[in-house]
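[1] dropping a prediction and its sequence here:
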Amino acid sequence: MAAVKSMTGCIALAVLHCISLSTAANPAAQAPLGPAITHYDFDVTVGKRSPDCFEKDVILVNGEYHKQIEVTQGNILEVTVYNDLPSTWPLVSEGISVHWHGFSMNGAEWYDGVGYLAQCPIQAGTNFTYRFQVNEQPGTYFWHGHAGNEKVDGFTGPLIVRPAGPEPFTYDEERILFLSDNYHTSATALTFPLNRPFDAKKQTNETGGWDWVAVPQAITLNSHGFYGDCELLQGTNTAIPPKCNVTTQWVPPGRSKFLPYAAGTNPGCKRENVTVEAGKTYRIRMINAGSLAYLSVCFADHNVTIVAADAYPTNPLTVPCVDINLGQRYDVLLKADKPVGNYWLSALVVNATRTGSPAGYGVLRYAGANASALPSDPILQPESVPAWTFGTVSKITLPKEYLDASTLPKGTVLPLNQSSLAPPNATKTLLVNLTQPLLPNGQLRWALNNVATFGTPSCLPTLNLLRNDPGLMARDAQRTRVGDMPADLAAKQMGNDLNVPMYLEDGSPSPAMPMAGQDFMPLQKGDVVDVILQNLPANANGGDYRPGVGANRTAQEQHPFHMHGHHFWVLAYGLGTFNEAANTSSFNTANPPFRDSFTIFKNGWTAIRFKADNPGVWILHCHTDWHLFMGQKMYFATSPELAQPPPADLPTCPNTCMYNFGPFSPSFVRAKWGSTGYST
């Protein structure tokens, strides 16, 4: 039975959102009120929905798919999460947690929501309240699960921070465009095969074989899409279908992948309509909350002007389409200055990043246009929209008023001891190489500096361990400089005593061969760090032990990276191999954008700078969910001994923990969750 849900200050349990603004009978005689409290209850359950016309089980919050919340800057945000997921719902990490994507959480490090980093996940049948003051830049964010891959199943939604004063932009109305990708099976079922041996010679009937998740079945706009866009459209629809190739469609037993065919009577089967009135200017808050798809969003016949990136304002940049990677947010202004009618709204997978992916299509509908008609123009194809170049992304810059203390807008959130957003000089530099090694046990991983970092290593919050014992990293690292992984890991999926290799990014050489473990960069509060992330071939740095075969595994992918606990300055992008002498002079230290998510391009590098102003342990990771699961992350440990004491009511850790590098054999899956189809 779920815990009883209470809402202090709300009149009835049916009210799911309330703001506590208590007043006394004689306000003049009372002390000034403290920050207002914005409270939400999240009742997390499983239900059936059809986000792309295909009915499946998804994770719901209060019965809503992709629930939206908002809070005013300076308010206290309280979110009580009730984990009412059924025990038969498979999760690669026991329990759930909530991350407030883009929030720096300065002074609220225990509530960042990464499972086993600052908190143990919220176990089934229990609840936990996140409570912290929102000292964040007003703007566009989102929330999502961060214990496993539950975000892919719908445990996510928009999060808007309203300014305490006036908005910095002038517009008439606003709209949210929440973008995601949709699979026809659960995230966990897709995840299991990622841990099975990639090397065919190491595959057995017991282990099963490795299988990639492949492209999604649909792209959704505000939770609506149409998986039929990947098939030849039938009937009266005259729109030209996009060319795509969904090669892997997992379908529940007994159901054809072509059924139920899209129709207006199917629940959730609709194209998203963004309705505008002629003559008005709209602020559109764009959020890419997907798991794989790097999107280019286009409004047919309309240009848009970018005015903010990851919540912080930018110099206006007018573009025909917006390339928005996983985890990124852009605020754009759209002028409804075309003839009244219907126009295609397209969310296309950025050209050449995921060949064969579907696209998402909605309608920009002017009030007064035929509400039952689709636009008559042909829909865009991904190959017809050029991807952004370095020339485009380099034009996303900070406005000059944010670079001078005398003109800084009120309410701007700054790093420690900064009087403006002008970047300080760096005191440390870290070069991070991205590869995709094949480890000796046959598992394919993603690694940073030859370390594939796996989660749940101690079955206790890492921040608590380091806060209580700041010397832990240095002691453990001395005995684990070499090697691949504990010999018994391949036999483990559950436990609480795994001996985890630890590597410190402290200027010492990276491991000579790829290893599985934890990758830490120890920092002191106040350090200013340049991080250069370099995209290398998959097999670089000894990343494939197979003679002949491994030498040919040289592919690269683009990667969307996100950093917790900080915003940072994006200084430069480049192609090829980073050369300090040649490339440092290209760094934009005059007005670089201040962001929390960025792209590392194929065969390229990206340089960022951040101020370590936030005591705690913070994760830097790829926001492709499947890459994160496969180890593409590292931790910045900033003066963890200065972290505040943990809240007394942090979720209780389970007796045993599931390791995300465990093999997840079909027999293990059946034993734990039964024969539910999730073992495929």
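    Great, that's in hand.

[2] any stretches of the chain with poor pLDDT?
    1-32, 228-269, 478-491, 497-498, 675-680 (pLDDT under 70).

[3] which strand runs longest in it?
    For the chain, the longest strand by residue count, based on DSSP state E, is strand 37-49.

[4] now do the helix or strand just after that strand: everything it contacts.
    The helix or strand immediately downstream of strand 37-49 is strand 56-61, counting by DSSP states H and E. The contact list for strand 56-61 (Cβ atoms under 8 Å, 6 or more residues apart in numbering) reads 42-51, 65, 67, 85, 89, 145, 150, 153-155, 157, 184-186, 252. Every C-beta, even on glycine, is put in place using the N, C-alpha and C of the backbone.

[5] go with 7 Å
    42-49, 65, 67, 150, 153-155, 184, 186 (Cβ atoms under 7 Å, 6 or more residues apart in numbering).

[6] put the buried members of the residues you listed into a PyMOL selection.
    In PyMOL syntax, the buried subset of these is picked out as below (16 or more other Cβ atoms under 10 Å):
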select buried, resi 42+43+44+45+46+49+65+67+150+153+154+155+184+186
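
[7] now do the helices in the chain.
    187-191, 390-393, 462-468, 472-477, 580-583, 625-629, 666-673 (DSSP state H).

[8] one step back: out of the contacts of strand 56-61, the closest to residue 362 would be?
    residue 65 (16.5 Å; Cβ to Cβ).

[9] check contacts around that closest one.
    Residue 65 is in contact with 49, 51, 58, 154, 223, counting by Cβ under 7 Å, 6+ apart.

[10] repeat that for residue 500.
    Applying Cβ under 7 Å, 6+ apart, the residues near residue 500 are 457, 517, 518.

[11] ok, now residue 155?
    Residue 155 neighbours (Cβ under 7 Å, 6+ apart): 44, 59, 96, 144, 145.

[12] distance to residue 574 added to the residues you listed, as a markdown table?
    Below are the contacts of residue 155 laid out as a markdown table (distance: Cβ to Cβ, whole Å):
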| residue | distance to residue 574 |
| --- | --- |
| 44 | 43 |
| 59 | 40 |
| 96 | 39 |
| 144 | 30 |
| 145 | 34 |
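
[13] which pair in these spans the largest distance?
    44 and 144 (12.4 Å).

[14] hey, where'd the strands end up in the stretch 51-200 of the chain?
    Taking DSSP state E, counting those that start in this stretch to define them, one finds strands in the stretch 51-200 of the chain at 56-61, 69-72, 76-83, 98-101, 127-133, 139-145, 156-162, 173-182.

[15] off-centre distance for the first one?
    So the one you mean is strand 56-61. Taking the mean of its C-alpha atoms, strand 56-61 sits 18 Å from the chain's own mean (Cα atoms, centre = their mean, to the nearest Å).

[16] cool, and stretch 289-302?
    With Cα atoms, centre = their mean as the basis, the mean position of stretch 289-302 lies at 16 Å from the chain mean.

[17] partner strands of the longest strand of the chain and their direction?
    strand 17-20 (antiparallel), strand 56-61 (antiparallel), strand 76-83 (parallel) (DSSP bridges).

[18] can you list those in a markdown table and add distance to residue 408?
    A markdown table is the format used below for these (distance: least, Cβ to Cβ, whole Å):
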| stretch | distance to residue 408 |
| --- | --- |
| strand 17-20 | 28 |
| strand 56-61 | 37 |
| strand 76-83 | 25 |
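
[19] of these, which approaches residue 202 most closely?
    Comparing those against residue 202 with Cβ to Cβ, the closest turns out to be strand 56-61 (32.6 Å).

[20] list the residues that contact residue 290.
    179, 180, 181, 326.

[21] and if we set it to 6 Å?
    Residues counted as contacts of residue 290 (Cβ atoms under 6 Å, 6 or more residues apart in numbering) are 180, 181, 326.

[22] surely the first one touches residue 287?
    No. Under the criterion of Cβ atoms under 6 Å, residue 180 makes no contact with residue 287, lying 8.8 Å away.

[23] quick one: the strands paired with strand 37-49 as CSV, columns for distance to residue 643 and mean neighbour count too.
    Formatted as CSV, the strands paired with strand 37-49 follow (distance: least, Cβ to Cβ, whole Å; neighbours: other Cβ atoms under 10 Å):
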stretch, distance to residue 643, mean neighbour count
strand 17-20, 28, 16
strand 56-61, 29, 22
strand 76-83, 20, 21
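
[24] which one of those strands lies nearest to residue 592?
    The nearest among those, by Cβ to Cβ, is strand 76-83 at 29.2 Å.

[25] can I get the closest one in PDB? Just the C-alpha atoms.
    What follows is strand 76-83, C-alpha atoms only, in PDB (Å, rounded to 0.1, in the frame of the first residue of the first chain):
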ATOM      1  CA  ILE A  76      11.400  26.900  -1.900                       C
ATOM      2  CA  LEU A  77      10.500  24.000  -4.100                       C
ATOM      3  CA  GLU A  78       9.100  20.900  -2.400                       C
ATOM      4  CA  VAL A  79       8.400  17.800  -4.300                       C
ATOM      5  CA  THR A  80       7.200  14.700  -2.500                       C
ATOM      6  CA  VAL A  81       7.800  11.600  -4.600                       C
ATOM      7  CA  TYR A  82       5.700   8.500  -3.900                       C
ATOM      8  CA  ASN A  83       7.200   5.500  -5.600                       C
END
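
[26] show me how far it is from its chain's centre.
    20 Å.

[27] what sits up against it?
    By Cβ under 6 Å, 6+ apart, strand 76-83 touches 2, 35, 37-44, 71, 96, 122, 124, 126-131, 133-134.

[28] mind checking how far residue 612 is from residue 580?
    Distance, residue 612 to residue 580, by Cβ to Cβ, to the nearest Å: 21 Å.

[29] who has more neighbours, those two?
    Shown here are residue 612 and residue 580; by other Cβ atoms under 10 Å, residue 612 has more neighbours (25 against 11).

[30] you'd agree that one is up against residue 640?
    No. Residue 612 lies out of contact with residue 640 (Cβ under 6 Å); the separation is 11.5 Å.

[31] ok, back up a step: would you turn the contacts of residue 65 into CSV with distance to residue 364?
    Shown next, in CSV, are the contacts of residue 65 (distance: Cβ to Cβ, whole Å):
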residue, distance to residue 364
49, 25
51, 20
58, 27
154, 25
223, 17
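
[32] widest-spaced pair of the residues you listed?
    58 and 223 (9.6 Å).

[33] can you report how many residues lie near residue 366?
    By other Cβ under 10 Å, the residues close to residue 366 number 17.

[34] contacting residues around the nearest residue to it once chain neighbours are set aside?
    Nearest non-adjacent residue to residue 366, counting by Cβ to Cβ, 6 or more residues apart in numbering: residue 340, 4.3 Å away. When the contact criterion is Cβ under 6 Å, 6+ apart, the partners of residue 340 are 278, 366, 368, 369.

[35] using CSV, write out every CA atom in stretch 643-656.
    Below are the C-alpha coordinates for stretch 643-656, written out as CSV (Å, rounded to 0.1, in the frame of the first residue of the first chain):
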residue,chain,number,x,y,z
ALA,A,643,29.5,19.7,1.9
GLN,A,644,26.6,20.2,4.3
PRO,A,645,25.6,17.3,6.6
PRO,A,646,23.1,15.0,4.8
PRO,A,647,19.4,15.4,5.6
ALA,A,648,18.2,13.0,8.2
ASP,A,649,15.4,11.7,5.9
LEU,A,650,17.5,10.7,2.9
PRO,A,651,16.1,7.5,1.3
THR,A,652,17.2,4.3,2.9
CYS,A,653,19.6,2.3,0.8
PRO,A,654,18.5,-1.2,-0.2
ASN,A,655,20.2,-4.3,1.3
THR,A,656,21.7,-5.2,-2.1
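
[36] how near is residue 340 to residue 209?
    Distance, residue 340 to residue 209, using Cβ to Cβ: 55 Å.

[37] contact partners for residue 467?
    Contacts of residue 467 by Cβ under 6 Å, 6+ apart are 640, 643.

[38] quick one: residue 216 and residue 184 touch, right?
    No. Using Cβ under 6 Å, residue 216 is not in contact with residue 184, being 8.7 Å away.

[39] ok, residue 609 touching residue 566?
    No. Assessed by Cβ under 6 Å, residue 609 is found out of contact with residue 566, at 10.3 Å.
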